[in-house]
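1. Give me a model of this one.
(4 chains)
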2 protein chains.
Amino acid sequence: MVMTGPDPEDLTARARIRDAALLHFGEHGFERATIRGIAETAGVSSGLVRHHFGSKQALREACDAHLVKLISRLNDQVRAHPTTGDVNYVAAARAAIGPYQRYLARALAEGGAAPLFDAMVQMSEQWLAEADKNRPDIPDVDRTTRAAVGTAMALAITVLHKHVSRVTGVEVLSPEGDLLLARTLIDLYSHPMLSLEDAASIRAALDKLQSTSPQMDRGGTPP
Amino acid sequence: MVMTGPDPEDLTARARIRDAALLHFGEHGFERATIRGIAETAGVSSGLVRHHFGSKQALREACDAHLVKLISRLNDQVRAHPTTGDVNYVAAARAAIGPYQRYLARALAEGGAAPLFDAMVQMSEQWLAEADKNRPDIPDVDRTTRAAVGTAMALAITVLHKHVSRVTGVEVLSPEGDLLLARTLIDLYSHPMLSLEDAASIRAALDKLQSTSPQMDRGGTPP
DNA sequence: ACGGCTACTACACGTGCGTGTAGCGTACTT
DNA sequence: AAGTACGCTACACGCACGTGTAGTAGCCGT
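-> Have a look, this model is predicted:
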């Protein structure tokens, strides 16, 4: 299931450049990655990169757009196969993204790939809407907010894969690591980390803290 | 509670440079941030930056070390006050980190600040050890792994704050945003996202998928 | 009082990078 | 068959940045 073909048109130089850029951006980051290096990996001259994509930034945006297309297509496939459980669609997506995980992680961390994140939030929201039907106790927090936070949490392991890999000793961006990760997530998701009473007490403490003076200084965004 | 003094020694030029670096690295990222810009913010010459810290990389490491010291100290304070619930210590930590949240996010996302993440995992592990006592059903996944993943998830909002802020329309790296975030996290943590039966079914599906051919190609690290 | 050490500045060097320009071959159009 | 547009290359420009070097002012020990 979930076959991700290489796209018939993807033998062109433009596609090779885009793939090379995905790889280089993911491996070295946007700033450190060089157009010359990308061109070399793609087997073309550096000028051709600029010819096809106007600038380095535009190249990045093209990479983002490509991933958005790829992920939305994957989402459609997953939603068409509700057999194994739509719940794990995030893990499935992460798996299908494959070699682009590193790019995805960096792009998201650097604040880019906004439409990609938004698409994921939308997907998350759709799933949350269905999940909320089975739960009569509707929380006092916006569904969009929950979707955004949930998406961020789902992406956390991908974004921080280097650290998680180092601590656990398993490369999480690998088939084996993905399996371990899936089990861990299932465990964490199925067991509430907070009992309802603890949650209530904390919420109460939060209310009290909100009414009192905000003791802790915070770093708001200066103008 | 939890007063974070400015450190009596922190009026020196070295400290100002470090703070400026924290700010610039957090705002523009390590690569885009310039020593000259940091020096200007600190009110010193660019040469002095190199004089105190040997290089840009060393400056970054000094920033990491400073944050590690700050966070570990904060952790001690929090562990000494188990009143409001140790559970929310992550949020408290995020609050106290204050103006350095952006740096923290970038550093972690770029793979740096490893000792910092490790320290957080250790803190998470300590808390998990206590929390596991109240839960007789010990899962089949390593506690360190759970701690690492949990830490990553806790840091997700900070790392992806730009996206979460954009989607929710609230600047999460601000006092107001922190409050909304806390409530969201409490809700998400207190309500299991997966029922035990769903978790079991998914786990079973995972086992079946593991035994069959690994259909989905993955992008392992090439040599 | 004096040598030396430290904090600090001003300025020049080299370089790697994104970006611009000119030019060549080839395939499609009429 | 000529014109044209496009894929593609080679090469040069300029700039911003990290880094080095030389030099100055003040503090401390003896």
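
2. Dead centre of chain A: give me the residue that sits there.
-> Nearest to the mean C-alpha position of chain A, by Cα atoms, centre = their mean, lies residue A:155 at 4.2 Å.

3. list the contacts for that residue?
-> Contacts of residue A:155 were listed using Cβ atoms under 8 Å, 6 or more residues apart in numbering or on different chains, and they are A:104-105, A:108, A:117, A:120, B:156, B:160. In this view, the C-beta of every residue, glycine as well, is placed from N, C-alpha and C.

4. What is the nearest of those residues to residue B:169?
-> When the contacts of residue A:155 are compared for distance to residue B:169 (Cβ to Cβ), residue A:117 wins out at 14.2 Å.

5. So which residues of chain A form helices?
-> All helices of chain A, identified by DSSP state H, fall at A:13-28, A:35-42, A:46-52, A:56-80, A:89-97, A:101-109, A:114-133, A:143-159, A:161-168, A:175-190, A:196-211.

6. quick one: which of these is nearest residue B:128?
-> That would be, of the helices of chain A and by Cβ to Cβ, helix A:175-190, which comes in at 10.7 Å.

7. Tell me the gap between the closest one and the middle of its chain.
-> Averaged C-alpha coordinates place helix A:175-190 at 16 Å from its chain's average position (Cα atoms, centre = their mean, to the nearest Å).

8. now for that helix, which elements pack on it?
-> Counting contacts by 3 or more Cβ pairs under 8 Å, 6 or more residues apart in numbering or on different chains; DSSP states H and E, helix A:175-190 is packed against helix A:89-97, helix A:161-168, helix B:143-159, helix B:196-211.

9. swap the cut-off to 6 Å and go again
-> Judged by 3 or more Cβ pairs under 6 Å, 6 or more residues apart in numbering or on different chains; DSSP states H and E, helix A:175-190 is in contact with helix B:196-211.

10. Can you add neighbour count and pLDDT and give the contacts of residue A:155 back as JSON lines?
-> Shown next, in JSON lines, are the contacts of residue A:155 (neighbours: other Cβ atoms under 10 Å in any protein chain shown; pLDDT from 0 to 100):
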{"residue": "A:104", "neighbour count": "25", "pLDDT": "89"}
{"residue": "A:105", "neighbour count": "25", "pLDDT": "90"}
{"residue": "A:108", "neighbour count": "25", "pLDDT": "89"}
{"residue": "A:117", "neighbour count": "25", "pLDDT": "89"}
{"residue": "A:120", "neighbour count": "27", "pLDDT": "84"}
{"residue": "B:156", "neighbour count": "24", "pLDDT": "86"}
{"residue": "B:160", "neighbour count": "27", "pLDDT": "94"}
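
11. Looking at those residues, spot the one nearest residue B:22.
-> Distance to residue B:22 across the contacts of residue A:155 (Cβ to Cβ) is lowest for residue B:160, with 19.7 Å.

12. Disregarding residues adjacent in the polypeptide, which is nearest to that closest one?
-> When the adjacent residues along the chain are set aside, residue B:160 lies closest to residue A:152, with 4.3 Å between them (Cβ to Cβ, 6 or more residues apart in numbering or on different chains).

13. could you give me the average pLDDT of stretch A:30-46?
-> Along stretch A:30-46, the predicted confidence averages to a pLDDT of 95.

14. That stretch near chain B at all?
-> Yes. Residues of stretch A:30-46 are located near chain B by Cβ under 6 Å from any Cβ of the partner chain, namely residue A:31.

15. For that stretch, buried residues please.
-> Going by neighbour count (16 or more other Cβ atoms under 10 Å in any protein chain shown), the buried part of stretch A:30-46 is A:30, A:33, A:35, A:37-39, A:41-42, A:44.

16. now check it, is it near DNA strand D?
-> Yes. For a cut-off given as Cβ under 7 Å from any atom of the strand, stretch A:30-46 has contacts with DNA strand D, namely A:39, A:43-46.

17. Give the buried residues for stretch A:199-206.
-> The neighbour-count criterion (16+ other Cβ under 10 Å) identifies A:199, A:202-203, A:206 as the buried residues of stretch A:199-206.

18. touching chain B at all, it?
-> Yes. Under the criterion of Cβ under 6 Å from any Cβ, stretch A:199-206 makes contact with chain B via A:199, A:202-203, A:205-206.

19. how about these in TSV, adding distance to residue B:98 and pLDDT?
-> Formatted as TSV, these follow (distance: Cβ to Cβ, whole Å; pLDDT from 0 to 100):
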residue	distance to residue B:98	pLDDT
A:199	26	81
A:202	21	80
A:203	23	82
A:205	20	79
A:206	18	76
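
20. quick one: which of the helices of chain A is nearest residue B:68?
-> Nearest to residue B:68, of all the helices of chain A, is helix A:161-168, at 13.8 Å by Cβ to Cβ.

21. residues in chain A within reach of DNA strand D, list them.
-> With Cβ under 7 Å from any atom of the strand as the criterion, chain A comes near DNA strand D at residues A:12-14, A:39, A:43-48, A:51-52.

22. Nearest to DNA strand C among those?
-> Of all the residues of chain A next to DNA strand D, the one sitting nearest DNA strand C is residue A:47; the distance, using Cβ to the nearest atom of the strand, is 4.7 Å.

23. what residues are up against the closest one?
-> When the contact criterion is Cβ atoms under 6 Å, 6 or more residues apart in numbering or on different chains, residue A:47 has no partners at all.

24. Repeat that for residue A:63.
-> Residue A:63 makes contact with A:21-22 under the criterion Cβ under 6 Å, 6+ apart.

25. Can you tell me how far it is from residue A:116?
-> Here residue A:63 is placed at a distance of 10 Å from residue A:116 (Cβ to Cβ, to the nearest Å).

26. the bottom helix or strand of chain A by mean pLDDT?
-> Scoring the helices and strands of chain A by mean pLDDT, DSSP states H and E places helix A:89-97 at the bottom, with a mean of 60.

27. in chain A, what spans have low per-residue confidence?
-> For chain A, residues meeting the criterion pLDDT under 70 lie at A:1-11, A:78-79, A:81-96, A:136, A:138, A:209-223.

28. What parts of chain A come near DNA strand C?
-> A:33-36, A:46-47, A:50, A:55-57.

29. at 10 Å instead, please
-> Counting by Cβ under 10 Å from any atom of the strand, chain A comes close to DNA strand C at A:24, A:28, A:30-39, A:45-51, A:53-59.

30. what are the phi and psi values for residue A:174?
-> Backbone geometry at residue A:174, expressed as degrees, to the nearest 10, gives phi -150, psi 160.

31. now stretch A:32-40, how far from the centre of its chain.
-> If you compare the mean C-alpha spot of stretch A:32-40 with that of the full chain, they lie 24 Å apart, counting by Cα atoms, centre = their mean.

32. just the buried residues of stretch A:199-206 now: which is nearest residue A:112?
-> For the buried residues of stretch A:199-206, the minimum distance to residue A:112 (Cβ to Cβ) is 32.8 Å, reached by residue A:206.

33. Pull the contacting residues for the closest one.
-> When contacts are counted by Cβ under 6 Å, 6+ apart, residue A:206 is found next to residue B:182.

34. and residue A:183, what is it in contact with?
-> Taking Cβ under 6 Å, 6+ apart as the contact definition, residue A:183 lies against residue B:141.
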